[in-house]
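Undergrad: Just to be clear, the model below is a prediction. Sequence and coordinates:
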Amino acid sequence: MTRAGKLSLGCIADDYTGASDLANTLTRAGLRTVQTIGVPADDLALPEVDAVVVSLKSRSIEAGLAVTRSRAAEAWLRGRGAKHILFKICSTFDSTDAGNIGPVMDALRADSRDAIVLVTPAFPETGRTVYQGNLFVGSVPLNESPLKDHPLNPMHDSNLVRVLARQSTTKVGLVDLATLSRGADAVRAKLAELTQSGIGATIVDAVFDRDLETIGQVALDHRLSVGASGIGLGLARALVAASKAKPDSADAMLATPVGGPAACLAGSCSQATLRQIANAEKVMPVLHLDPEQVVAGKDETQRALAWARDRLGAGPILIASSSTPDQVAAVQSRHGRDAAGHAIEQAMADIADGLVQSGVHRLVVAGGETSGAVVDRLRIPGFLVGAEIAAGVPVLRAVGAGRGEMVLALKSGNFGGPEFFSDALVLMP
Ligand SMILES: Nc1ncnc2c1ncn2[C@@H]1O[C@H](COP(=O)(O)OP(=O)(O)O)[C@@H](O)[C@H]1O
Ligand SMILES: O=C(O)[C@@H](O)C(=O)COP(=O)(O)O
């Protein structure tokens with residue numbers, strides 16, 4: 001599968017948008033990368049690659065199930081020769097006190113027999129930095145950012161040493177920026193000190209890409225690391241520098257137009273997505289689903305598909321369930337958080353299925369869980385990474401799908417500029 005027949009890097013991502021974000025970062029850093037949906041079937045034809053990102057939908061499921069699925073992905077990646085595995089989590093550390101970052105990290109650490117695991121969600125390109133163990137989103141601490149209102153995992157503590165300690169069975173330490181700025185050997189010495197005091201995982205500060213390069217170098221001494229695309233960048237640069245992988249560029253086939261009608265679906269309720277939807281209203285027809293009707297199992301899906309079919313011939317359309325935090329809270333208080341989220345995700349998957357049956361082969365999806373539901377329903381086994389639409393969001397070309405050529409963009413709720421939907425469609429001819 002790879003030049004030497006072995007993977008340089010194996011990755012397990014806890015959601016699909018996060019996986020495509022990481023696959024994008026690895027590709028831009030020079031690693032030939034493929035994103036698979038779940039653990040690949042034996043007969044899935046994959047091109048020669050340096051890195052595989054196995055996408056799971058394990059961020060918001062029961063912790064024990066997240067562990068089982070992550071370990072299955074780990075076994076597959078190790079079986080393909082991956083010496084190092086990155087467990088890709090969200091750059092905003094999306095989780096609850098029940099998990100799933102801690103439990104999955106603990107299980108993978110036990111399998112890898114690493115004494116200590118480096119953990120950092122820093123991704124400076126998208127404004128995620130970590131200082132003294134505190135995660136900042138842009139200029140504000142995590143608990144003051146829009147993530148405090150996330151529908152599934154509201155984040156109320158920006159101190160990641162505390163957050164991870166509540167989820168993990170091991171003690172959690174900190175490698176601070178001052179240590180990091182003294183270079184890889186200073187970090188190694190600090191890790192030895194932490195290990196001596198019985199600490200099995202450590203948050204690592206990072207503010208600039210150069211910090212991530214240092215982290216990447218040191219992480220390669222170990223078999224496991226945990227973090228977002230930033231640590232992926234550090235690992236990829238360290239691998240390329242060590243010549244375990246040669247810089248490579250995207251395949252020309254990725255630029256071949258697919259054509260036909262295009263559609264966008266939004267299930268993210270993030271501030272960024274709400275703004276992007278408002279801007280899309282100026283350039284394409286937008287249908288706002290009624291979440292109450294969706295959860296009540298009414299004919300909202302059929303209404304949406306009929307609306308879309310009347311318009312697809314004239315240009316792109318957008319269908320959104322997204323609402324403001326107050327409206328989300330109202331729906332959740334009536335139906336429960338998980339039931340509401342699940343019903344809306346399934347409605348989005350039904351709509352995606354109907355759209356593809358109506359000839360849509362260019363599809364933009366906003367929201368991690370939403371993207372997971374859609375991609376599962378479309379039974380797409382994997383993606384190659386194409387052009388970058390915005391930081392963390394590439395154009396994806398479906399591989400091995402039974403429904404013909406298809407391009408998608410899976411946008412993390414928080415990512416993308418104000419005109420994201422039109423920006424994406426320009427790059428998805
Ligand atoms: N109007 C709404 N009310 C309540 N929940 C909603 C609404 N619209 C979407 N959701 C749910 O909110 C969650 C959004 O999560 P996700 O798709 O991962 O977005 P993000 O990338 O912003 O985290 C999903 O479970 C989705 O079904
Ligand atoms: O690391 C990130 O921020 C993203 O890659 C990511 O995981 C986003 O998750 P969603 O916001 O649920 O799409």
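TA: Cool, the structure landed. Ligands and ions are numbered 1, 2, ... in the order given.

Undergrad: What segments of the stretch 1-150 of the chain are helices?
TA: Assigned by DSSP state H, counting those that start in this stretch, the helices in the stretch 1-150 of the chain fall at 16-28, 63-79, 101-112.

Undergrad: Now render the ones you listed as TSV, adding mean pLDDT, distance to Gln276 and mean neighbour count.
TA: (Glycine included, C-beta is placed from N, CA and C.) Formatted as TSV, the helices of the stretch 1-150 of the chain follow (pLDDT from 0 to 100; distance: least, CB to CB, whole Å; neighbours: other CB atoms under 10 Å):
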stretch	mean pLDDT	distance to Gln276	mean neighbour count
helix 16-28	95	14	29
helix 63-79	97	29	18
helix 101-112	98	27	22
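
Undergrad: thought Thr195 was touching Ile116?
TA: Yes - between Thr195 and Ile116 there is a contact under CB atoms under 8 Å: 5.0 Å.

Undergrad: With neighbour numbers in mind, choose between those two.
TA: Using other CB atoms under 10 Å as the criterion, Thr195 and Ile116 rank with Ile116 on top: 19 against 15.

Undergrad: For the more buried one, give me its contacts.
TA: By CB atoms under 8 Å, 6 or more residues apart in numbering, the residues touching Ile116 are 173, 191, 194-195, 199-202, 222.

Undergrad: Show me these that map onto helices.
TA: The members of the contacts of Ile116 that map onto helices under DSSP state H are 191, 194-195.

Undergrad: and which of those residues is nearest ligand 2?
TA: Among those, Leu191 lies closest to ligand 2 (CB to the nearest ligand atom), at 23.9 Å.

Undergrad: and the closest one, how many neighbours?
TA: 23.

Undergrad: ditto for the one 3 residues further on
TA: Leu194 sits with 20 neighbouring residues when counted by other CB under 10 Å.

Undergrad: any idea how far Leu174 is from it?
TA: To Leu174, Leu194 is 8 Å away according to CB to CB, to the nearest Å.

Undergrad: which residues are in contact with both of those two?
TA: Joint contacts of Leu194 and Leu174 (CB under 8 Å, 6+ apart) are Thr202.

Undergrad: what about the helices of the stretch 1-150 of the chain, which gets the closest to Gly372?
TA: Across the helices of the stretch 1-150 of the chain, Gly372 has its closest neighbour in helix 16-28 (4.8 Å, CB to CB).

Undergrad: CA atoms only: put the closest one into PDB for me.
TA: Output in PDB follows, covering the C-alpha atoms of helix 16-28 (Å, rounded to 0.1, in the frame of the first residue of the first chain):
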ATOM      1  CA  TYR A  16     -15.700  12.500   9.900                       C
ATOM      2  CA  THR A  17     -15.200  16.300   9.500                       C
ATOM      3  CA  GLY A  18     -12.300  16.000  11.900                       C
ATOM      4  CA  ALA A  19     -10.900  13.200   9.800                       C
ATOM      5  CA  SER A  20     -11.100  15.200   6.600                       C
ATOM      6  CA  ASP A  21      -9.500  18.200   8.400                       C
ATOM      7  CA  LEU A  22      -6.600  15.900   9.400                       C
ATOM      8  CA  ALA A  23      -6.300  14.300   6.000                       C
ATOM      9  CA  ASN A  24      -6.200  17.800   4.500                       C
ATOM     10  CA  THR A  25      -3.400  18.800   6.900                       C
ATOM     11  CA  LEU A  26      -1.300  15.700   6.300                       C
ATOM     12  CA  THR A  27      -1.800  16.000   2.500                       C
ATOM     13  CA  ARG A  28      -0.700  19.700   2.500                       C
END
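
Undergrad: Spit out the contact partners of the residue of the stretch 101-250 of the chain at minimum distance from ligand 2.
TA: At 4.0 Å from ligand 2, Ala228 is the closest residue in the stretch 101-250 of the chain, using CB to the nearest ligand atom. The neighbourhood of Ala228, defined by CB under 8 Å, 6+ apart, consists of 18, 21-22, 88-91, 120-123, 128.

Undergrad: Low-confidence stretches in the chain?
TA: Where the chain drops to pLDDT under 70, the residues are 1-5, 244-255, 401.

Undergrad: of all the residues in it, which ones are close to ligand 2?
TA: Proximity of the chain to ligand 2 (CB under 6 Å from any ligand atom) is limited to residues 15, 17-18, 21, 90-92, 123, 228-229, 367-368, 392, 412-414.

Undergrad: picking up where we left off before, could the ones in helices among the contacts of Ile116 be laid out in TSV, adding distance to ligand 1?
TA: Below are the ones in helices among the contacts of Ile116 laid out as TSV (distance: CB to the nearest ligand atom, whole Å):
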residue	distance to ligand 1
Leu191	32
Leu194	32
Thr195	34
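
Undergrad: quick one, phi/psi of the closest residue to Gly416 other than its chain neighbours?
TA: Of all residues not flanking Gly416 in the chain, Ala390 sits nearest, at 4.3 Å (CB to CB, 6 or more residues apart in numbering). With angles defined as degrees, to the nearest 10, Ala390 sits at phi -150, psi 170.

Undergrad: so how many other residues sit close to Ala390?
TA: Neighbours around Ala390, by other CB under 10 Å: 19.

Undergrad: Next one: it from ligand 2, what distance?
TA: 12 Å (CB to the nearest ligand atom, to the nearest Å).

Undergrad: For Val286, see how far away that residue is.
TA: Distance from Ala390 to Val286, by CB to CB: 20 Å.

Undergrad: Longest helix in this protein, please.
TA: Longest helix in the chain by number of residues (criterion: DSSP H): helix 337-357.

Undergrad: Just list what that one packs against, helices and strands only.
TA: Under the contact definition 3 or more CB pairs under 8 Å, 6 or more residues apart in numbering; DSSP states H and E, helix 337-357 sits against strand 262-266, helix 291-295, helix 300-311, helix 325-335, strand 362-366, helix 368-378.

Undergrad: that older thread, just the contacts of Ala228: which are in strands?
TA: Judged by DSSP state E, strands contain the following of the contacts of Ala228: 88, 120, 128.

Undergrad: Ranking by neighbours, what's the top pick from these?
TA: Counting neighbours by other CB under 10 Å, Thr120 leads the ones in strands among the contacts of Ala228 with 32 neighbours.

Undergrad: which residues touch it?
TA: 130, 203-206, 212, 215, 226-228, 230-231.

Undergrad: is it in a bridge, and if so with what?
TA: Gly227 (DSSP bridges).
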